[in-house]
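# Return a 3D structure for these sequence lines:
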Amino acid sequence: MRWRFSTLEIILLLLVVAGSGMAYAWVVYGGGGLIGATYALFMCMPIVAFERHIIFRRLYRRIHGSPTPAFLLSSLAVYFVFCNVGYAAAGLLLHVAGAMRESASDAMLPSLNVLVYALATSGPIIFVLRVRELLGRDVFMSLLTGRYRKPVQEERVFLFIDLAGSTSLAERFGDLRMQEYLGKLFAAMADPVLRHGGSIDDYVGDAAVITWPYDRAIAHAACIRCVFDILEQIEADAHRWQKTYGEVPRLRAALHGGTIVAAEIGVDRHKITYFGDTVNTTARLEGLCRTLDRQVLISADLLRRLRTPVFVRCEDLGEHEVKGRGQRLAVLSLATDRPASNGREDQPVVSAGTEAFTSL
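Next up, the predicted model:
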């Protein structure tokens with residue numbers, strides 16, 4: 001599932017929608033706030049659920065893949081249907097419950113004014129949700145609250161995940177086909193990242209930069225589980241990749257964490273950017289994947305602070321020079337004999353391989 005709301009966000013969303021219905025009832029009818037709130041929730045929430053990919057996912061993908069004119073007309077048509085069905089469901093419920101004196105047909109048929117108001121109310125809510133989706137929840141809330149207007153020092157974990165062999169793929173596919181391939185790849189990463197509480201900070205060529213606040217990353221080894229869920233996702237869809245592109249993506253990944261400085265930059269376009277040795281070290285650690293011929297690397301500094309899931313095997317690769325760091329970095333390789341089960345395992349336990357590096 002692609003959507004992720006905190007409990008507070010869900011409550012706020014419900015209150016806004018219900019409040020809009022109560023306001024309409026008070027202004028137009030001089031009362032009946034609870035009835036107005038019921039109608040509003042039944043009419044608007046299906047639209048929100050549709051836009052958050054909870055219902056009718058195939059229809060959503062088809063509409064959003066259409067040219068702009070078809071997209072706009074299709075979206076309005078879908079919203080119109082949702083509003084009518086939601087209004088009818090709410091009217092029937094209220095009539096059966098005895099809250100409405102009107103006949104069932106009158107209670108279930110919305111007026112034109114009601115439909116226009118419902119669409120006008122849903123529009124700004126959908127717009128905010130789409131901006132939130134575009135920026136990511138953490139970035140959206142940080143920009144909204146101005147948390148990083150002044151540089152802030154904090155601890156974060158970074159995952160750099162890169163497509164192996166991208167140069168040869170680009171030569172074989174061509175630029176347009178390659179960008180389509182990368183778009184599908186990055187889309188496949190979205191669910192595992194959201195599921196494990198991370199956020200995709202940036203896309204750099206054929207690489208994605210994913211980050212977590214430190215405490216969130218090490219809780220239940222979320223950052224490690226995220227890596228293997230992404231790999232599992234690619235493997236599960238291998239036949240589709242092979243059928244569509246003739247090539248299954250091969251990924252390299254590196255995990256590292258530490259202190260960084262976060263700041264909001266830009267004038268016309270604002271962005272939260274992370275600075276510091278931690279970011280640079282993660283990028284260079286990912287480069288070591290090719291040198292050491294390993295798919296997933298993690299720094300010993302990070303691995304010490306979390307408990308590796310039982311399905312993960314650790315291999316101590318010793319210390320290595322990392323360009324620009326000024327000191328050697330202890331590195332371990334991570335591998336697994338079985339999938340991470342989409343992060344739905346029980347509490348992670350320390351694997352036998354963990355003992356090999358706890359004394360580093």
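
# Going by neighbour count, which residues in stretch 77-88 are buried?
Val78, Tyr79, Phe82, Cys83, Asn84, Gly86, Tyr87, Ala88 (16 or more other C-beta atoms under 10 Å). C-beta here means a position set from N, CA and C on the backbone, and glycine is covered the same way.

# C-alpha coordinates for it, PDB please?
Presented in PDB, the C-alpha positions along stretch 77-88 are these (Å, rounded to 0.1, in the frame of the first residue of the first chain):
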ATOM      1  CA  ALA A  77     -16.200  12.000 -13.900                       C
ATOM      2  CA  VAL A  78     -14.800   9.700 -11.100                       C
ATOM      3  CA  TYR A  79     -15.200  12.400  -8.500                       C
ATOM      4  CA  PHE A  80     -18.800  13.000  -9.600                       C
ATOM      5  CA  VAL A  81     -19.600   9.300  -9.300                       C
ATOM      6  CA  PHE A  82     -18.000   9.100  -5.900                       C
ATOM      7  CA  CYS A  83     -20.000  12.100  -4.600                       C
ATOM      8  CA  ASN A  84     -23.300  10.800  -5.800                       C
ATOM      9  CA  VAL A  85     -22.700   7.300  -4.500                       C
ATOM     10  CA  GLY A  86     -21.400   8.700  -1.200                       C
ATOM     11  CA  TYR A  87     -24.400  11.000  -0.800                       C
ATOM     12  CA  ALA A  88     -26.800   8.200  -1.500                       C
END
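
# where's it relative to the chain centroid, distance-wise?
With C-alpha atoms, centre = their mean, to the nearest Å as the basis, stretch 77-88 stands 28 Å off its chain's centre.

# contact partners of the host helix or strand of Leu231?
Here Leu231 sits within helix 222-236, counting by DSSP states H and E. Outside helix 222-236, the residues that touch it by C-beta atoms under 8 Å, 6 or more residues apart in numbering are 157, 159, 161, 185, 188-189, 191-193, 195-198, 210, 212, 216-217, 241, 248-249, 251, 253, 255, 257, 295-296, 298, 302, 306, 308-309, 311-312, 334, 336, 339-340, 342-343, 348.

# Quick one: mean pLDDT over it.
Confidence for helix 222-236, expressed as mean pLDDT, is 95.

# now it, how far from the centre of its chain.
Distance, centroid of helix 222-236 to centroid of chain: 14 Å (C-alpha atoms, centre = their mean).

# If I take whichever helix or strand comes after that helix and helix 222-236, what angle do their directions form?
Later in the chain than helix 222-236, the nearest helix or strand by DSSP H and E is helix 238-245. Here the directions of helix 238-245 and helix 222-236 differ by 60 degrees (axes from the mean of the first three to the mean of the last three C-alpha atoms, to 10 degrees).

# In whichever helix or strand comes after helix 238-245, which residues are buried?
Downstream of helix 238-245, the next assigned helix or strand under DSSP H and E is strand 251-265. Along strand 251-265, these residues count as buried under the neighbour rule (16+ other C-beta under 10 Å): Leu251, Arg252, Ala253, Ala254, Leu255, His256, Gly257, Gly258, Ile260, Ala262, Glu264.

# Could I get the CA-only coordinates of strand 251-265 as PDB?
Output in PDB follows, covering the C-alpha atoms of strand 251-265 (Å, rounded to 0.1, in the frame of the first residue of the first chain):
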ATOM      1  CA  LEU A 251      21.200  -3.100  -7.400                       C
ATOM      2  CA  ARG A 252      24.000  -2.100  -5.100                       C
ATOM      3  CA  ALA A 253      23.300  -0.500  -1.700                       C
ATOM      4  CA  ALA A 254      25.200   1.100   1.100                       C
ATOM      5  CA  LEU A 255      24.000   2.100   4.600                       C
ATOM      6  CA  HIS A 256      25.700   4.500   7.000                       C
ATOM      7  CA  GLY A 257      24.600   6.900   9.700                       C
ATOM      8  CA  GLY A 258      25.900   9.800  11.800                       C
ATOM      9  CA  THR A 259      25.700  13.500  12.400                       C
ATOM     10  CA  ILE A 260      24.700  15.800   9.600                       C
ATOM     11  CA  VAL A 261      23.500  19.400   9.200                       C
ATOM     12  CA  ALA A 262      20.100  19.800   7.600                       C
ATOM     13  CA  ALA A 263      19.000  23.100   6.100                       C
ATOM     14  CA  GLU A 264      16.300  24.600   3.900                       C
ATOM     15  CA  ILE A 265      17.800  26.200   0.800                       C
END
